[in-house]
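Student: Need a 3D model of the following:
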Amino acid sequence: MNQEEYLKKLYSSRFDPKQRKAKFILWKTLTEEFLQKYIDPESVVLDIGGGYCEFINQVKAREKYLIDLNPDSQLFAAPNVTIFNVDILNIKDQNILAKQYDTVFVSNFFEHLNSKEDLVKVLLFCFNHLNPGGSILIIQPNFKYSVKEYYDFIDHQLPITHLSLKEVLEAIGFEISVLIPRFLPFSTKGRPSSPKLLRLYLKLPFVWQFLGGQMFVKATKSL
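Tutor: Sure, this is the predicted structure:
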């Protein structure tokens, strides 16, 4: 079994069709109610590790791209989304992605990296391929507030907190525009959820301090 086959089997077993459908609906709400306000509808957007295209299919943008090693991404992508089944850490593969973007979106990806060095490589790629004034938007499990659950998924490897992520982003040259240490719950897997509840949750930031296990960061490349 090669890496692509392994990933395909892992993620198809983690979320069955019913769960994937529920996730897609929740992502629609999250994108419309929160994320879209950080993204110009006329911008060029890259989604790194976007899996089943829950975000990239629904965000409004002029051009939309997604990187993921899972070949199933091709099956779920909308017609206006360009998919690259490449390894972002591979220099030769990075040449395929030689384009400038206005927004890079990364959700639940960094925890799968093998090392801090790999994290730096990915963030450098993002910085170098963002237009001046462009931003990276990150939704990421915050080890500081999800330590008990963090390794419940076999592919979680790199523990990251909002403070360590802020430090590396600033060292690379990003300016932190928004930093929310506790944002979304750690995971929707195995928990009842609905668009209505999510919509209410997003309107009640004080609740995030009790339930949030994931952070949200917006970091900008200076003009």
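Student: Give the residue spans of the protein that score low on pLDDT.
Tutor: Across the chain, residues meeting the criterion (pLDDT under 70) sit at 1-20, 94, 188-192.
Student: show me what contacts the residue lying closest to residue 49 once chain neighbours are set aside?
Tutor: Excluding its sequence neighbours, the residue lying closest to residue 49 (CB to CB, 6 or more residues apart in numbering) is residue 109, at 3.5 Å. From N, CA and C alone the C-beta is placed, and that goes for glycine too. Residues counted as contacts of residue 109 (CB atoms under 8 Å, 6 or more residues apart in numbering) are 48, 49, 122, 140.
Student: From those residues, which land in helices?
Tutor: residue 122 (DSSP state H).
Student: Can you select the buried ones from the contacts of residue 109 in PyMOL?
Tutor: Of those, the buried ones go into a single PyMOL selection, burial set by 16 or more other CB atoms under 10 Å:
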select buried, resi 48+49+122+140
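Student: Not counting sequence-adjacent ones, nearest residue to the residue positioned nearest the centre of the chain?
Tutor: Central residue of the chain (CA atoms, centre = their mean): residue 107, 1.4 Å from the mean position. Take residue 107 and drop its neighbours on the chain: the residue closest to it by CB to CB, 6+ apart is residue 139, 4.3 Å away.
Student: Does the one you found touch residue 184 like I think?
Tutor: Yes. Contact criterion CB atoms under 8 Å: residue 139 and residue 184 qualify, at 6.7 Å.
Student: In this protein, which helix is the longest?
Tutor: helix 17-33.
Student: So for it, what gets flagged as buried?
Tutor: Per 16+ other CB under 10 Å, helix 17-33 contains these buried residues: 20, 22, 23, 24, 26, 27, 28, 29, 30, 31.
Student: next one: stretch 136-156
Tutor: By 16+ other CB under 10 Å, the buried positions in stretch 136-156 come out as 136-146, 150, 153, 156.
Student: any idea how far the residue nearest to the centre of the chain is from residue 214?
Tutor: 9 Å (CB to CB, to the nearest Å).
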